[in-house]
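# build me a model from this:
(one chain, ligands or ions: 1)
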Amino acid sequence: MVNVMTQEVTDVQMKKYAKLIYDTAGIQVSLQKKQLMSNRLRRRLKATGIDCFDKYIKHLKSLKPSNPEWDCFLQEITTHETYLFRDETHWKWLQQTFMPEFVKEVTHNKRQKNLRVWSAACSTGDEAHSIACCVLDGIGLQQGWEINIIGTDIGIGAVEKAREGVFNQRAMKLVPDVMKKRYFDRMGQVDVWQAKPTIKKLLNFKQHNLLNSLNERPFDLVFLKNVLIYFNTESKLTAIKHVSKLMKPGSYLVAGGAEGIGDMMQGYERLHPWLFRKQ
Ligand SMILES: C[S@@+](CC[C@H](N)C(=O)[O-])C[C@H]1O[C@@H](n2cnc3c(N)ncnc32)[C@H](O)[C@@H]1O
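Alright, predicted model coming up:
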C-alpha cells in the first residue's frame, strides 16, 4: 500500500489544483512545483484525515467558500511574508513627500482633513500599521482629522492576526525607535509589541479577494504590494480594475518593485517604477 504522506501529486492532479487556485485567488502556480504542492497538501490531508489528493480536492469543491477549510487551504498555498516598513523607499516617500504635500493642501484649504488609505493584500497587517504610524506622524498635533486605513486580505486567519496588532521582533526590526515608543507597547518582558489604541483606532481589517470588487468609498492612497507578482496577466488586470475603481483622481498607487504591472496602468502617470498617480 502506498503511504499518502510520501505521495506526490500526479501531473493530472497538479493541473486540477493549479486551476482551482487560479480560479479562486488568481494565483498562477507553476506546474513544475509538484513537490512543493505535495508538501503543502499533505499537511491538509493530515489535518482533515482525508487519505488522498483526489478526495481532498473533491472535498474542497463541495464546501462553501466560507468554510474554514478553504482558508486553511489558501493559507497553505499563499505567501504571507511581510514586516513593518518593508521596502524603505516607499516609506521615505510616504513620510517625506506624500504626507507633507497632503497636509500642505489641507492647510491651504485645497482639501478636507480626510485621508483614506487601502492596504490591499495586507497579510497580517504589518503594512497597514506602518501606514498608520507615518500618517499620524505626518499630521503631527493637528486636530479634527478623519483617517481611515483599511487593510484587506484573502486570508481570514491573516486578517484576524492583523486585527490583533501584535508583532514580534522580526516584524518590528525596521520600525524606527521613536515610532516604536510612540505607537507600540511592549508586552511584558518579551520582545513582542502591541499597537497602541492611537493607531488601532485608525485601522479596519476585512477579508477580501482582489478578484472581486470591494465595497468601500474611494481612497487617496493604495498600497498593493507583493501580491500581483503571483498573478498572471488576466488576474492582474482584474485586480487592477477593482482597485482602480476605488481610487480618487490624483490618488497614488504604491506597488511592489516586481509586480509587473507597468504596461497595465492606463490612465496613470508612472512617477517611479513602483509609484503610479491616477490622472
Ligand atoms: C507576500 S504577502 C504581501 C503582504 C504585504 N502587502 C507586503 O508587501 O508586505 C501576499 C498576501 O497576498 C494575499 N493574497 C493572495 N491572493 C490574494 C487575493 N486574490 N486577494 C487578496 N489577497 C490575496 C495573501 O493571502 C498574502 O497575505
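
# residue 167: how many residues sit nearby?
25 (other Cβ atoms under 10 Å). For glycine as for every other residue, the C-beta is placed from the backbone atoms N, C-alpha and C.

# that one belongs to a strand?
Yes - membership of residue 167 in a strand is supported by DSSP: H, G, I helix; E, B strand; the rest coil.

# next up, the contacts around it.
Taking Cβ atoms under 8 Å, 6 or more residues apart in numbering, we find residue 167 in contact with 84, 126, 129, 184, 192-193, 195.

# show me which residues of this structure are close to the ligand?
25-27, 78-82, 86, 121-123, 127, 153-155, 158, 209-211, 225-227 (Cβ under 6 Å from any ligand atom).

# next, the buried residues of stretch 195-208.
Across stretch 195-208, burial judged by 16 or more other Cβ atoms under 10 Å covers 195, 199-200, 202-203, 205, 208.

# quick check: which ranges of the stretch 101-250 of the chain have low pLDDT?
Within the stretch 101-250 of the chain, no stretch has pLDDT under 70.

# please enumerate the strands of it.
114-120, 146-153, 166-168, 184-186, 192-195, 203-207, 219-224, 247-255 (DSSP state E, counting those that start in this stretch).

# rewinding a little: which ChimeraX command selects the buried ones in the residues of the chain next to the ligand?
Under the burial definition 16+ other Cβ under 10 Å, those of the residues of the chain next to the ligand that qualify are selected in ChimeraX by:
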select :25,26,27,78,82,86,121,122,123,127,153,154,155,158,209,210,211,225,226,227
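
# from the residues of the chain next to the ligand, which land in helices?
Members of those lying in helices (criterion: DSSP state H): 25, 127, 158.

# ok, for the first one, nearest residue in space, not its chain neighbours?
Okay, so that is residue 25. Closest residue to residue 25 apart from its sequence neighbours, by Cβ to Cβ, 6 or more residues apart in numbering: residue 154 at 5.8 Å.

# can you check the second one too?
Leaving aside its chain neighbours, residue 127 sits nearest to residue 119 (4.8 Å; criterion: Cβ to Cβ, 6+ apart).

# what about that neighbour, neighbour count?
28.

# contacts for stretch 224-237, please.
Surrounding stretch 224-237, the residues in contact under the criterion Cβ under 8 Å, 6+ apart are 22, 26-28, 78-79, 81-82, 86-87, 90, 120-121, 127, 210-211, 239-240, 243, 253-256, 258-261, 264.

# for that stretch, which residues meet the burial criterion?
224-231, 235-236.

# can you give me the end-to-end distance of it?
Start and end residues of stretch 224-237 are separated by 13 Å (Cα to Cα, to the nearest Å).

# now do stretch 266-279
Where stretch 266-279 begins and where it ends lie 9 Å apart, using Cα to Cα.

# likewise for stretch 17-34?
Stretch 17-34 has its terminal residues 10 Å apart, counting by Cα to Cα.

# next: stretch 85-94.
Stretch 85-94 end-to-end distance (Cα to Cα) = 11 Å.

# buried ones in that stretch, by neighbour count?
85-87, 90-91, 93-94.

# quick one: residues in contact with stretch 250-258.
Stretch 250-258 has contacts (Cβ under 8 Å, 6+ apart) with 87, 90, 93-94, 98, 218-229, 243, 247, 261, 265, 268, 273-279.

# for that stretch, the distance to its chain's centre please.
Chain-centre distance of stretch 250-258: 13 Å, with Cα atoms, centre = their mean, to the nearest Å.

# please apply the same query to stretch 212-229.
That offset, for stretch 212-229, works out to 9 Å (Cα atoms, centre = their mean).

# one more: stretch 230-247?
The chain centroid and the centroid of stretch 230-247 are separated by 14 Å under Cα atoms, centre = their mean.

# now do stretch 143-161
10 Å.

# quick check: residue 195 touching residue 187?
No - using Cβ atoms under 8 Å, residue 195 is not in contact with residue 187; the gap is 10.9 Å.

# what's around the closest residue to residue 124 other than its chain neighbours, how many residues?
Counting by Cβ to Cβ, 6+ apart, residue 161 is the residue found nearest to residue 124 once chain neighbours are left out, at 4.3 Å. The local packing of residue 161 (other Cβ under 10 Å) involves 19 other residues.
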